[in-house]
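[1] I'll drop the sequence and a predicted model, then ask my questions.
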Amino acid sequence: MPAPTSPLTHPLTLPCGATLRNRLAKSAMSEDLADAGNVPGERLVRLYRRWGAGGAGLLITGNVMVDRGALGEPGNVVIDDARGLEALSRWAEAAKAGGAAVWPQVNHPGRQSPRFLVKTPVAPSAVPLKLPGAVFAPPRALEASEITDLVGRFATAAAVSKRAGFDGVQIHGAHGYLVSQFLSPLTNLRDDAWGGDPERRRAFLVAIVRAMRAEVGPAFPIGVKLNSADFQRGGFDEAESMAVVAALEAEGVDLLEISGGTYERPATSGTIEATRASTIAREAFFLEYARAVRARTKMPLLLTGGFRSRAGMESALTEGPDGRGAVDVIGLARPFAQAPEIAQGLLDGSVTESEVRPRRTGFTQLDSFIEITWYTYQIHRIAEGLEPAPGVSPWWVLANMAWRTAAARMRM
């Protein structure tokens, strides 16, 4: 008798009719690798060809910005018109060569754009980030006409992505970026069509979904990455998040990725959800929230954050009373930075654990920053045709990434 197949290997058909070949996704990590002019070049082509050959059913790119005047990092790819279409097509083709579907994650940083990139960022309201170091300049509030223009920019990014050969698109509505800023009562103090109550705060996201759908048609997948909560008193909470989920299902969104936190209160850095014993025991940071969402929606769910064992992933896909499970797709991000072929190993059973951790300096606050740069360093090595280097010194990573950031700023 043949061994039973893992639920990770099962295909998934999305509401629009598109099919993912299995239940593993590489979730977004900001690559910061665009060439001059904020277009994808050989490094991103090489990186995604490697990841695309690694077995995942879906690859979601890092930040692709909809306005070249509003970047989160100097090396962001930008899609605000069709000028980079040829380069985008090469990127999509390379990522798809191994059989994976690939979706760009389209985003606008809002107030989360460093002041060395944007002197006066925009936001729903003029609410500055409460972070030390004056890295981010205070934002100005968007005019209503600018908000309408931004909705059009997201739609343009989706339309160009489709022309370039991408298989779908994901709207980044989490982690304190612009869409998330509109959703939160702490950062959206407006009292017009775009704010004042939960329904109007989610109007920006709903308008983006509708505008995208009008551009790409009914058969092109549209996904959304959404916070379960932003973990700040008086902020976007689970009750409001559930209302957004219902609105997104009504709009025909094809895949909802569940996440949480903001720059001010990161949810997966070891300070909030990730440190709770119950969370560690169940692996995934937002699995309880996913269960609550599952009870209210038939929309396919992607859960990213904390999955490390094959058994835990399989359980999340099947644990429901009807065998459907709490989620439909398992998202991994950082494991792909250290093991580009991790998905294939999980699918065939040769890999049962995907735990990865960067080396530490012993200085707690510094290590929190180094953890992000360590994974980015590994991504850059893969993009240059090298193998990941998990044993590299954290001090070397800091120095190397400082040099890379300076070089990226000079290319702008």
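    The structure has been received and is ready for your questions.
[2] could you chop this protein up by domain?
    7-356, 358-412 (automatic domain parsing).
[3] would you reformat these as a markdown table and include mean pLDDT and mean neighbour count?
    C-beta here means a position set from N, CA and C on the backbone, and glycine is covered the same way. Shown next, in a markdown table, are the domains of the chain (pLDDT from 0 to 100; neighbours: other C-beta atoms under 10 Å):
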| stretch | mean pLDDT | mean neighbour count |
| --- | --- | --- |
| domain 7-356 | 90 | 20 |
| domain 358-412 | 81 | 15 |
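[4] quick one: the nearest residue to Glu353 once chain neighbours are set aside and Gly362, what's the gap?
    Among residues not flanking Glu353 along the chain, Ser309 sits closest, at 5.5 Å (C-beta to C-beta, 6 or more residues apart in numbering). Remark: distance between Ser309 and Gly362 (C-beta to C-beta, to the nearest Å) = 28 Å.
[5] cool, Gln344 as well?
    From Gln344 to Gly362 the distance is 35 Å (C-beta to C-beta).
[6] repeat that for Gly385.
    Applying C-beta to C-beta, the value for Gly385 to Gly362 is 33 Å.
[7] same question, Gly196
    48 Å.
[8] next: Leu117.
    32 Å.
[9] all strands for this structure, in order.
    12-13, 19-20, 24-26, 58-65, 77-78, 101-107, 122-123, 140-141, 169-173, 222-227, 255-259, 301-304, 329-332 (DSSP state E).
[10] quick one: which of the ones you listed is nearest Gly37?
    Taking C-beta to C-beta, strand 77-78 is the member of the strands of the chain nearest to Gly37, at 8.3 Å.
[11] so in that sheet, which strands flank that closest one, and in what orientation?
    In the sheet, strand 77-78 lines up against strand 58-65 (parallel) (DSSP bridges).
[12] now the strand it pairs with - C-alpha only, PDB.
    C-alpha atoms of strand 58-65 as PDB (Å, rounded to 0.1, in the frame of the first residue of the first chain):
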ATOM      1  CA  LEU A  58       3.300  30.200  -4.600                       C
ATOM      2  CA  LEU A  59       6.000  32.800  -4.400                       C
ATOM      3  CA  ILE A  60       5.000  36.300  -3.100                       C
ATOM      4  CA  THR A  61       7.600  38.900  -3.800                       C
ATOM      5  CA  GLY A  62       8.800  41.500  -1.300                       C
ATOM      6  CA  ASN A  63       7.600  45.100  -1.400                       C
ATOM      7  CA  VAL A  64       6.700  46.400  -4.900                       C
ATOM      8  CA  MET A  65       5.900  50.000  -4.500                       C
END
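[13] quick one, that strand and strand 255-259 angle?
    Between strand 58-65 and strand 255-259, the angle comes out at 70 degrees (axes from the mean of the first three to the mean of the last three C-alpha atoms, to 10 degrees).
[14] use 47 as the first number from now on
    Sure thing, new numbering starts at 47, so read that last one as strand 104-111.
[15] how about Pro346, nearest residue that isn't a chain neighbour?
    Pro346 sits nearest to Asp374 (C-beta to C-beta, 6+ apart), 4.4 Å away.
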